[in-house]
Every structure is written in C-alpha cells, then in structure tokens.
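Novice: Using only what follows, build the 3D model:
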Amino acid sequence: MLALRGNRGKRVRHPLGVSAEADGAFVLPRPLRKSVRLLVGLGTGRVRFPAHTGTFSAAAFLLATGLYGMSLGGHTQNFAQASTTAAGFAIEDVRVSGNEQTSEIDILQQLGLDGATSLVALDIAEARRLIGELPWVESVTVRKVYPGTIEVDLAERKAFGIWQHGSDLSLIERSGSVIAPLRDNKFAALPLFVGRDAETAAANFYDDFSRWPEFRARVKAFVRVAGRRWDLVLKNGIVVKLPEKGVARAMRVLADMEEGHQLLERDIAAVDLRLDDRTTIQLTPDAVARREVALKAREKMLKELEKQEKRI
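Specialist: The predicted structure follows:
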C-alpha cells in the first residue's frame, strides 16, 4: 500500500504487513480519493475549466428547468408544435384515398387541423383513432410525408340495407351493425327491413328470398314480426304473411295462385300463408263494401226469381 508523501516528497512503499496507521498517517477510503483530489485541485488552481463553461452550464440549467416546467404544466406538445411549425413543418396537404361516403372535410375537422398544425408533432396513433371514430370508416392508415403532407387511406363499411326501428331509419351492414342514420335518398334502392331484431336477421332471409326474384322485386319492405317470422309489404300495399317455418312451401302456394288467378293484382289487403292446410285472403275495405252490395243484389235477385216461380 502507498502511504502519503514522506519527508522528501516521494512515495514510500511500506513493507508487507505494515499499515500506514503504524506511522500515524490517515488514508482516505478508495471511493473518496478522486473527489478529494478534484476539490484540492480546484482550490489550488491546478484544475481549470474551458472558457464560458459557467455560461453554458447556466443556460443548460435554465433550459432543463423550463422543459421540466412545461412538462408539469402540459405545454410540451404546444411548444414542440410551435417550434416545428416555425421551422417549416406545418401540415399543408392532406391526401385521402379510399373514401366514398367520408368527406375530406370530416377528416380535417376530426383531426382538428387549422393550417398551423405541425407534421412533426402529429401523433399518428391518435390520428388513426380519431379518424376511426367516423361512422363509415372500417379501417384507416395514416402516413407522414415530410415536410408537410399527410396521406390517409380508408377502407369504408358497405351498406347492405335500411333498418326502420320506430320512426328512425338507419343504414346497416350485412352483419346488422348500424353504420349511420339515413339522411337522404342516395340509398333508396337498398332493401328496407322493419321491426325489432330485423337488422340481425335481414341478410340470411334476404339471401334465401333471392330464390323468388319475381316476388323480391315487388317487395317494398320486409317486416320482422315478434322476432320469429316475416311479412312482405308489396309495393301495391298488399301484405303477404309468411310462416315461421316452411317459407318455401308458402311461396310455392303464392306462385301458383298468382299464375292461375293473378291474385296480387286484385283488390285485396293481405294473403295469409301461415297455415299449411289453408290460405286466407283479406279484402280491402272498398272490396268488402262492393262485395256486400253484390251479395245484397244477388239475394234480392234470388227472391224475385222465387216469387216468379210461385206465380207460375
């Protein structure tokens, strides 16, 4: 072990087994020696710092303090946006692809772009989340193109039909998920499904009903009844009541009656096909009134004939 300097300023190595304490000298612990030497050097002037070190240190301290304060106050994002925008990274162009129902204005409003938004400070994950909240958006990809462009690629949901629940009309997907309220006549050609649970059962029934295209083209609305069966409301106002099971059998009966008697062109209100052994036809109020008049006239005619036969 090396002891402190001797009388002549030279280091003296003690013999093995003899410690510095035997000479009355104090030896610092090893971890503290470098720190003490640095302090002694600073005090004696042997250690010197480069020029302006103190200025730079003070500036760094103030900058660190400012950044820490902005972080505590939640202003870091605003500072980053303002500084990068001033440096020429403001978002100036938004390129949208894959959109048919989603307008570019909706996307700009959803992202809150105001012409001074920084591309550097834009959070891509948050931008995807915000755009994904728009009703027609199924998936979205957002990409930065420096210095000032955003590319947005959309995959939109597909409207399958219109669902009427109460007085509200909504566009639905094949799965029955509601896309958005119906606002205009752009989707008037889509099939209309009415009633509770009609939206979830619509796709399967509509696909099965495609086996009778001549009737499907005449349907104005498919009405779900008690969550079990369907009624067909035709464009001329006639209601065809289908059974819960055996729809194919009921449609064959309807096809035969239409072919043989043009049933659906007559003055009737409804055709009830729910029972296997019989078909019930409901007349319109006008048809009922005409039938009553006809029955009374026939009854009167029969009475007149009966009187004439008695005279003879």
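
Novice: From Ser170, how far out is the nearest residue to Phe209 once chain neighbours are set aside?
Specialist: Of all residues not flanking Phe209 in the chain, Arg216 sits nearest, at 5.5 Å (Cβ to Cβ, 6 or more residues apart in numbering). Where C-beta positions appear, they are placed from N, C-alpha and C, glycine not excepted. The spacing between Arg216 and Ser170, counted by Cβ to Cβ, to the nearest Å, is 22 Å.

Novice: what do you get for Trp212?
Specialist: Trp212 is 27 Å from Ser170, by Cβ to Cβ.

Novice: how about low-confidence regions in the stretch 51-200 of the chain?
Specialist: For the stretch 51-200 of the chain, the stretches flagged by pLDDT under 70 are 51-89, 115.

Novice: for it, what spans make up the helices?
Specialist: Remark: helices assigned in the stretch 51-200 of the chain by DSSP state H, counting those that start in this stretch are 53-73, 76-84, 104-111, 124-132, 198-209.

Novice: and Leu119, how many neighbours?
Specialist: Applying other Cβ atoms under 10 Å, we find 20 residues neighbouring Leu119.

Novice: typo on my end, Gln109
Specialist: Gln109, neighbours per other Cβ under 10 Å, totals 12.

Novice: Over to Gln101?
Specialist: Using other Cβ under 10 Å, Gln101 has 19 neighbouring residues.

Novice: Now it. Nearest residue, chain neighbours left out?
Specialist: Trp136 (4.3 Å).

Novice: My read is that that neighbour contacts Glu173, right?
Specialist: No - counting by Cβ atoms under 8 Å, Trp136 does not reach Glu173; the two are 10.6 Å apart.

Novice: Walk me through the domains of the chain.
Specialist: 88-156, 161-287 (automatic domain parsing).

Novice: Where does the residue lying closest to Leu263 once chain neighbours are set aside fall, secondary structure wise?
Specialist: Using Cβ to Cβ, 6+ apart and skipping the chain neighbours, the partner closest in space to Leu263 is Met257 (4.4 Å). Assessed by DSSP states H and E, Met257 sits inside helix 247-261.

Novice: contacting residues around the residue nearest to Leu263?
Specialist: Neighbour list for Met257: Leu263, Val271, Thr279 [criterion: Cβ atoms under 8 Å, 6 or more residues apart in numbering].

Novice: From those, which land in strands?
Specialist: Secondary structure from DSSP state E places Val271 of these in strands.

Novice: What's the ChimeraX syntax to select whichever of the contacts of Met257 are buried?
Specialist: Buried members of the contacts of Met257 can be picked out in ChimeraX with the line below, counting by 16 or more other Cβ atoms under 10 Å:
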select :263,271
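
Novice: separation between Asn204 and Lys307?
Specialist: Distance from Asn204 to Lys307, by Cβ to Cβ: 63 Å.

Novice: now swap in Leu234 and tell me
Specialist: 46 Å.

Novice: same check, this time on Asn236
Specialist: 43 Å.

Novice: and if you look at Lys186?
Specialist: 68 Å.

Novice: just Leu154 next, same as before
Specialist: 84 Å.

Novice: Kindly report the same for Arg216.
Specialist: 55 Å.

Novice: Tell me which of those two has more neighbours.
Specialist: A direct count of neighbours by other Cβ under 10 Å for Arg216 and Lys307 places Arg216 higher, at 14 against 9.

Novice: partner residues bridging Phe193?
Specialist: Beta-bridge partners recorded for Phe193 (DSSP bridges): Trp163, Phe222.

Novice: Looks like it contacts Gln164 (just checking).
Specialist: Yes - between Phe193 and Gln164 there is a contact under Cβ under 8 Å: 7.2 Å.

Novice: Find residues that contact each of these two.
Specialist: Residues touching both Phe193 and Gln164 by Cβ under 8 Å, 6+ apart: Ala221.
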